[in-house]
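S.K.: Have a look; sequence and predicted model below, questions after that.
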Amino acid sequence: MKTIGIVDTTFARFNMGSAAVDEIQQNVSAKIKRITVPGVKDLPVASKKLIEEEGCDIVIALGMPGAKEQDKICAHEASTGIIQAQLMTNTHIIEVFVHEDEGKDEKELAFLMEMRSREHALNVVNMLFHPEKLVKQAGTGQRQGFEDVGTLKH
Ligand SMILES: Cc1nc2c(=O)[nH]c(=O)nc-2n(C[C@H](O)[C@H](O)[C@H](O)CO)c1C
């Protein structure tokens, strides 16, 4: 049975990990290994450990960079670390970040955090079990959380 790793943060203002777990369980039968770390900079090593020590076939790393300048620097550092962990393990770690200032208010932010977590969880299910479904979506302007933007016409 395939194993999906989920790592999220306590810094985030919405339970992104639970949304991802729920979405996976609604769509597929897979083993799930979940851990939570304090913040986004802790995601790379946690993801690498899920792959190397817990045998995960793919990992979803979820977090919420805050709105301040130092939070954005922190998020960029975390992203770089996540890419490095992917290259070191030759395994996908799907980064799901929702920046705190993406929502116009708290309600929209919560909606976005839930929907982006769920839609990327579905991407991960498809990457692992139905890669042909993603090929069908190529170039269709998919967006996780907000509305899809569609294919360009010429
Ligand atoms: C400044 C800062 N900003 C964020 C953030 O926007 N989002 C987040 O999830 N975590 C933040 N952190 C915490 C770090 O990611 C990390 O948890 C600590 O530095 C401990 O390793 C820090 C330190």
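M.R.: Yes, it's here.

S.K.: for M115, what are its contacts?
M.R.: Q144, G145 (CB atoms under 8 Å, 6 or more residues apart in numbering). (Glycine included, C-beta is placed from N, CA and C.)

S.K.: one more time with 6 Å, if that's ok
M.R.: By CB atoms under 6 Å, 6 or more residues apart in numbering, M115 lies in contact with G145.

S.K.: So which residues on this protein come close to the ligand?
M.R.: For the chain, the residues in contact with the ligand (CB under 6 Å from any ligand atom) are 9, 11, 38-42, 63-66, 70-71, 74.

S.K.: Mind doing that once more with 5 Å?
M.R.: Residues of the chain lying near the ligand by CB under 5 Å from any ligand atom: 9, 11, 38-42, 63, 65-66, 70-71, 74.

S.K.: Go through those and flag which are in strands.
M.R.: T9, G63 (DSSP state E).

S.K.: wait, isn't N126 in contact with E132?
M.R.: No: between N126 and E132 there is no contact under CB atoms under 6 Å: 8.6 Å.

S.K.: Between those two, which has more neighbouring residues?
M.R.: Counted by other CB atoms under 10 Å, N126 and E132 do not tie: N126 has more neighbours, with 18 against 7.

S.K.: gap between that one and the ligand?
M.R.: To the ligand, N126 is 27 Å away according to CB to the nearest ligand atom, to the nearest Å.

S.K.: can you pull out the strands in this structure?
M.R.: 3-9, 31-37, 58-63, 93-97.

S.K.: neighbouring strands for the first one, and are they parallel or not?
M.R.: Each strand that strand 3-9 pairs with, and the sense of that pairing, follows from DSSP bridges: strand 31-37 (parallel), strand 58-63 (parallel).
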